[in-house]
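Colleague: Prediction below, plus the sequence it came from.
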Amino acid sequence: MSKFQFPESIASRPVYGTLEPRPGKAHLMIADAEGAEAILELASQDAALMAKTHIIYIPKGTDFSEKLRALKPAQFYEGPSYDASVQRIQKVLGDAHMGLQVYLAGTEGLMGQAMNEAVSAGIPASAIQTEHRGSVARRMQCVHCKGITEDVVTDPFVCSHCGLNLFVRDHYSRRLAAFQGVCIDAEDPGNVPEPVELYK
């Protein structure tokens, strides 16, 4: 299984649950990589759900696409990246009617960004479920240059925009769907500890 139990943290850090079938006129499932496992488990609980489901999936090098297609959802889209898929996500959410249920599964970066799109489209938080699966890599914003670095797996890390050595904080911005990184050697330039893998 690709589930990870995140340690307790500060209040701004998102908490994820487990996807459960809910009644609704339509269902939108957005997942990346191992997030497909959560959709497969959900479908095993209620196969009839798929007749009203639109799946948007970003494989990120995994091989779950055929298993998801085999569920026979009403619509299935496979995208090469989140950025390439966001227009479709926005279109589906923009065309949605009352009663849409949204299921997000996979990495924190995907869920945070898709959650923003759903909330911006007027989907109530009570109609959105999340389940973390797979990589614990973080989407990080440098608080100094405001640049976003995707898939950060070590602490500290080097900002991909300004090159500062950043400390990985648990402070999370829902607006940006990103954790915050702060310069670790601002007062003592060059004094940077060896990077360690997150959660090790």
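Modeller: Thanks, I have it.

Colleague: quick one: average pLDDT of the strand ranked longest in the chain?
Modeller: Longest strand of the chain, by residue count under DSSP state E: strand 165-173. Regarding strand 165-173, the rounded mean pLDDT is 95.

Colleague: Okay, buried residues for that strand please.
Modeller: Across strand 165-173, burial judged by 16 or more other Cβ atoms under 10 Å covers N165, L166, F167, V168, R169, H171, Y172. Where you see a C-beta, it was placed from the backbone N, CA and C, and this is true even at glycine.

Colleague: what residues are up against the first one?
Modeller: Yep, that's N165 we're talking about. P156, F157, V158, C159, C183, I184, D185, V192 (Cβ atoms under 8 Å, 6 or more residues apart in numbering).

Colleague: Pull up the gap between the residue lying closest to the third one once chain neighbours are set aside and A178, please.
Modeller: Spelled out, that is V158. Among residues not flanking V158 along the chain, N165 sits closest, at 6.0 Å (Cβ to Cβ, 6 or more residues apart in numbering). Here the distance between N165 and A178 works out to 18 Å (Cβ to Cβ, to the nearest Å).

Colleague: now A186
Modeller: 20 Å.

Colleague: ditto for I89
Modeller: Distance of I89 to A178, given as Cβ to Cβ: 18 Å.

Colleague: any idea how far the residue nearest to V158 is from R139?
Modeller: N165 is 18 Å from R139, by Cβ to Cβ.

Colleague: Ok, D46 next?
Modeller: From D46 across to R139, the span is 31 Å (Cβ to Cβ).

Colleague: Looking at those two now, which is surrounded by more residues?
Modeller: When D46 and R139 are compared for neighbours, R139 comes out ahead with 22 against 13, by other Cβ atoms under 10 Å.

Colleague: Specify the local secondary structure of that one.
Modeller: strand (DSSP: H, G, I helix; E, B strand; the rest coil).

Colleague: quick one: pLDDT of the nearest residue to it once chain neighbours are set aside?
Modeller: The spatially closest residue to R139, leaving aside those adjacent along the chain, is G109, at 3.8 Å (Cβ to Cβ, 6+ apart). With respect to pLDDT, G109 has a value of 96.

Colleague: cool, and M1?
Modeller: On the pLDDT scale, M1 gets 46.

Colleague: Break down the chain into its strands, ranges please.
Modeller: So, for the chain - with DSSP E - the strands run 26-32, 53-58, 75-78, 100-106, 128-132, 138-142, 148-152, 154-155, 157-158, 165-173, 178-183, 196-197.

Colleague: For G122, which of those strands is the nearest?
Modeller: strand 100-106 (10.0 Å; Cβ to Cβ).

Colleague: still on that earlier bit, out of A186 and A178, which sits in the busier spot?
Modeller: A178 (23 against 11).

Colleague: Quick check: the more buried one touching M140?
Modeller: Yes. Between A178 and M140 there is a contact at 6.0 Å, judged by Cβ atoms under 8 Å.

Colleague: Give the residues shared as contacts by the two.
Modeller: Contacts common to A178 and M140, judged by Cβ under 8 Å, 6+ apart, are I148.
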